[in-house]
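Asks: based on what follows, work out the 3D shape:
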Amino acid sequence: MVSSLLPLLHIFLSIQNSNLFTHSNKISFTDTRIKYIIVKQKTTPEVNIGLVGHVDHGKTTLVKALSGTWTDQHSEELKRGISIRLGYADATFRKCPECEDPASYLLAETCPHHNKKTDLLRTVSFVDAPGHETLMATMLSGAALMDGAVIVVSATESVPQPQTEEHLMALETIGISNIVIAQTKIDLVDLETAKDHYGKLKEFFSGTIAKNAPIIPICADQNINIDSLIKSIEEHIPTPKRDGKSPPLMYVARSFDINRPGATWDQLVGGVLGGSLVQGQFSVGDELEISPGRRISTSGKVEYLPIIATIKSIRAGNSSLDAVGPGGLIGIGTGLDPSLTKSDGLTGRLAGKPGTLPPLWDSFTMDVELLDRIVGTPESGEVGPINTGEALMLSVGTTTTVGIVTSARKSECEVSLKRPISAPLQAQIAISRRVGSRWRLIGIGTLLN
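Replies: Residues are numbered from 1 along each chain as shown. Okay, the predicted model is just below:
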């Protein structure tokens, strides 16, 4: 094993000496596998960080290195080897007061070098967004939860790959500017290739929202240079200020039935909602309204009735809580029939206290700002105007729906939705158009009325 690592360590030492791969001060490259311990979280996550980038560039592997959790759990994900749904995991960052940077940044409660207790920095939630081009809607719904992002780029492929470019455009459109770039799989290339790839990354990201983002070469499989990545995340993706006083509002990104087959009646529990509380506070025992609610069709008329539930439990990381404020990702146990929540049945909804949620829309007018060009596809070209009768994919928060344009003007359009959404006025809307057989991001909208 040691001999197999020698070429990789040689690359790291050469890179360190050349100063090429440093974005400010020289980075020391260390093998954090020594007594590498994943600690069960005891703190509440306070920031959501997205892992974005092209398919198979190592996003899920990196989440595993940082959190100990393999986020591809769905059977189809395991079979195909790609992320299909949003994945989630928490990690607690710590620091040794006696080690030099960046080796002082680690995940263990006890420093492997000094055998002393490390200082807690914070717990973060990672959102693992799928990189396949057919899953852009899922990526956009995950972006609504992100306070910052790690763009994952494999050193084994040319720059840029289609979804690297498309995900970067999505971050820029939505306004996510706190970014770190992870150059992965550098153990699979030689030194000159790694250097050349690094230079191309610098060139590609210059002039974009990620122009000042540090680029950190890593090998996630071997947990090498993970300390430098943690240091950069701590320095470049701060915890934002939160509003804990307004009425609670939760973006529901996943929903589950956690009951196991064969469970007896007294072992059954209600459905679970997963997502992020963006403002306010929840407590066990609170009443919860979920919107849009249940679809009811009577005499040919369709309406959505709000779903009311009681909060039975709250979990953040591996901790059970009596109350929770805005921050990272949480799970809310409810008294709902699990048939409502199984298989992401309530994904894309908003949850809050009854009577406080934003209005329900089945049509609206939005202000439109189109991108200059379409990215992420061989058919890349200028973005043409939106036309009356056109179908658009609209992503609002964690909700994605299709809207038919009923009236189009230069900077505004009216749309009729196939499925209603709950959203406040001035909500941002990511707009995608079908190009060929795929939905492609073409602009950003603002909900007017």
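Asks: from now on I want contacts and neighbour counts done on CA atoms only, so please keep to that.
Replies: Noted.
Asks: apart from its chain neighbours, what residue comes closest to I386?
Replies: A408 (6.4 Å; C-alpha to C-alpha, 6 or more residues apart in numbering).
Asks: for beta bridges, what are the partners of the one you found?
Replies: Residues in a beta bridge with A408, per DSSP bridges, are C413.
Asks: residue ranges with poor pLDDT in this structure?
Replies: For the chain, applying pLDDT under 70 flags the ranges 1-42, 57, 68-86, 130-139, 141-142, 376-380.
Asks: ok, back up a step: contacting residues for the residue nearest to I386?
Replies: Shown in contact with A408 (C-alpha atoms under 8 Å, 6 or more residues apart in numbering): I386, N387, T388, E414.
Asks: can you check R349 too?
Replies: Y251, V252, A253, I290, S291, P292, T398, T399, I421, S422.
Asks: returning to that earlier point: in strands, which of the contacts of A408 appear?
Replies: Of those, the ones assigned to strands by DSSP state E are E414.
Asks: now the buried members of the contacts of A408.
Replies: Among these, the ones that count as buried by 16 or more other C-alpha atoms under 10 Å are I386, E414.
Asks: tabulate the contacts of A408 (JSON lines), appending distance to Q428.
Replies: Below are the contacts of A408 laid out as JSON lines (distance: C-alpha to C-alpha, whole Å):
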{"residue": "I386", "distance to Q428": "17"}
{"residue": "N387", "distance to Q428": "20"}
{"residue": "T388", "distance to Q428": "21"}
{"residue": "E414", "distance to Q428": "15"}
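Asks: and which of the contacts of R349 is nearest to L340?
Replies: I290 (11.4 Å; C-alpha to C-alpha).
Asks: the closest one: which element?
Replies: Taking DSSP states H and E as the criterion, I290 maps to strand 287-298.
Asks: got the contact list for the closest residue to D257 other than its chain neighbours?
Replies: Residue nearest to D257 in three dimensions, not counting chain neighbours: K342, with 4.5 Å by C-alpha to C-alpha, 6+ apart. Going by C-alpha under 8 Å, 6+ apart, K342 touches S255, F256, D257, G271.
Asks: next, format those as JSON lines and append secondary structure.
Replies: Below are the contacts of K342 laid out as JSON lines (DSSP: H, G, I helix; E, B strand; the rest coil):
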{"residue": "S255", "secondary structure": "strand"}
{"residue": "F256", "secondary structure": "strand"}
{"residue": "D257", "secondary structure": "coil"}
{"residue": "G271", "secondary structure": "coil"}
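Asks: from these, pick the one nearest S246.
Replies: Closest to S246, out of all of the contacts of K342 and judged by C-alpha to C-alpha, is S255, at 24.3 Å.
Asks: which strand residues bridge the closest one?
Replies: L273.
Asks: what about it, neighbour count?
Replies: 24 (other C-alpha atoms under 10 Å).
Asks: who does I296 bridge with?
Replies: Beta-bridge partners recorded for I296 (DSSP bridges): E303.
Asks: that one reaches Y304, doesn't it?
Replies: Yes - contact criterion C-alpha atoms under 8 Å: I296 and Y304 qualify, at 6.0 Å.
Asks: who has more neighbours, these two?
Replies: Y304 (15 against 11).
Asks: for that one, give its distance to Y105.
Replies: Here the criterion is C-alpha to C-alpha, to the nearest Å. By it, Y304 lies 49 Å from Y105.
Asks: got phi/psi on G285?
Replies: Torsion angles at G285 (phi, psi; degrees, to the nearest 10) stand at phi 100, psi -10.
Asks: count of residues packed around it?
Replies: Neighbourhood size, G285 [other C-alpha under 10 Å]: 14.
Asks: got it, and the one 3 residues further on?
Replies: A count of nearby residues for L288, using other C-alpha under 10 Å, gives 20.
Asks: now the end-to-end length of stretch 156-169.
Replies: 22 Å.
Asks: in it, what's buried?
Replies: Buried residues in stretch 156-169, defined by neighbour count with 16+ other C-alpha under 10 Å: T156, V159, P160, Q161, P162, Q163, T164, E165, E166, H167, L168, M169.
Asks: again with stretch 313-327
Replies: In stretch 313-327, counting by 16+ other C-alpha under 10 Å, buried: S313, I314, R315, A316, G317, V324, G325, P326, G327.
Asks: so what's the second one bridging to?
Replies: I314 has these beta-bridge partners by DSSP bridges: L321, I332.
Asks: can you give me the distance of it to S154?
Replies: When distance is defined by C-alpha to C-alpha, I314 is 37 Å away from S154.
Asks: so what's K353 closest to, chain neighbours aside?
Replies: Excluding the flanking residues, the one nearest K353 by C-alpha to C-alpha, 6+ apart is L288, at 5.0 Å.
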